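Q: Build me a structure from this.
(one chain, ligands or ions: 1)
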Amino acid sequence: MNIGGLKHIAEQIVSPQKGILAADESSPTIKKRFEAVGVEPTEETRRRYREVLFTTEGIERYISGVILYDETLRQNAADGTPFAKLLWNRGILPGIKVDKGAKPLALQPGNKVTEGLDGLRDRLAEYKELGARFAKWRAVIDIDEHNVPSACAISANAHALARYAALCQEIDLVPIVEPEVLMDGAHGIERCEVVTSQVLERVFVELDAHGVLFEGVLLKPNMVLPGKKCPQQASVPEVAEATVRCMRRFVPAAVPGIVFLSGGQSPRDATQHLNAMNAMAEYPWQLSFSYGRALQEPVLSTWRGREENVAAAQRAFHKRCQLNGLAREGIYSAAMETA
Ligand code: 13P
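A: Reported below is the predicted structural model:
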């Protein structure tokens, strides 16, 4: 393990004004997103869509890394340049989703565990050859009104995240550790804070037990939010305060950055929440973004698979990147949305 190299990559990803574009939707997930805007999901439409994102002028000012899916890491731009090289040439680090998805956890009704550890060492070696410098593994934690998540599910997911992170660091890839507590359901913000706290506490115990270097990981958590179906929604300051309290209690200061997922928040909400946290105080870690939907929604709904919409879709993408870059510094304002 090259300690200096891992720290350098992690710090580069969370450098000022910058964050991550999560463009690692699996083929079944991107199919859903495409069908919502009337695009036929083929290998070529997926390739073209990712090319529209990656060739948007000026995004390198706000985007330091892009998480890719296996298929995308093997695809090229129209001129034959591999996507990984195209990103490298723009000063953007390619990353790769390496988990194989969340499956039902045996004997734990309603709970899931993420699979993909078997053969991971060999897959990581190939991904590094192909140009990746960081990886992502997503654990999914659901909340219901009864006993979900169980302590067993939290522990199994934390253990898998730690085994994944250790395998990444062994080969000098920075692991993005993503324990996502879902915002589906009717629970209140207090329940989300309790569950997120339990999950983060367990994750760092397991990372430590597996010898993972905290200075060479990035944490990708959910923000602390009420469930989408909860009648009592929270204000921007409430979300920011609960999220920061939770991170301060459970994320070691040695971790260079926390890169939040958007998790189904609107693009505007995700930007406002990140901005409020960064405007409130100074922290031991950088607070940044690793958004999928919150960066891509306006791009997809503008593009709709049509070449004549590419320029407008790229403008919409650049704007979202820029606004989140400003939110990184706590200097975004809602008026900028319409400017
Ligand atoms: P969202 O920002 O859409 O939640 O996606 C982030 C991600 O990478 C999920 O694994």
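Q: pretty sure Ala156 contacts Val113?
A: Yes. With contacts defined as C-beta atoms under 8 Å, Ala156 counts as touching Val113 at a distance of 4.7 Å. Heads up, the C-betas are built off the backbone N, CA and C, glycines and all.
Q: Mind listing the shared neighbours of these two?
A: Both Ala156 and Val113 are in contact with Leu105, where contact means C-beta atoms under 8 Å, 6 or more residues apart in numbering.
Q: And stretch 56-64, end to end?
A: End-to-end distance of stretch 56-64 (C-alpha to C-alpha, to the nearest Å): 14 Å.
Q: Can we start the residue count at 267 from this point?
A: Sounds good: first residue 267 from here, last item stretch 322-330.
Q: Just give me how far that stretch sits from the chain centre.
A: A distance of 17 Å separates the C-alpha centroid of stretch 322-330 from that of its chain, computed with C-alpha atoms, centre = their mean, to the nearest Å.
Q: Equivalent analysis for stretch 401-409, please.
A: Here the centre of stretch 401-409 is set off from its chain's centre by 10 Å, with C-alpha atoms, centre = their mean.
Q: Next, see if it gets close to the ligand.
A: Yes. Against the ligand, stretch 401-409 shows contacts by C-beta under 6 Å from any ligand atom at Arg404.
Q: Send me that stretch as CSV with only the CA atoms.
A: The C-alpha trace of stretch 401-409 is given here as CSV (Å, rounded to 0.1, in the frame of the first residue of the first chain):
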residue,chain,number,x,y,z
ALA,A,401,-13.6,2.7,-6.7
LYS,A,402,-17.0,2.7,-5.3
TRP,A,403,-19.1,0.1,-3.3
ARG,A,404,-22.6,0.9,-2.2
ALA,A,405,-24.3,-0.7,0.8
VAL,A,406,-28.1,-0.2,1.0
ILE,A,407,-29.8,0.3,4.3
ASP,A,408,-33.6,0.5,4.3
ILE,A,409,-35.7,1.8,7.1
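Q: Neighbours of Pro282, how many?
A: Under the neighbour criterion other C-beta atoms under 10 Å, Pro282 is assigned a count of 10.
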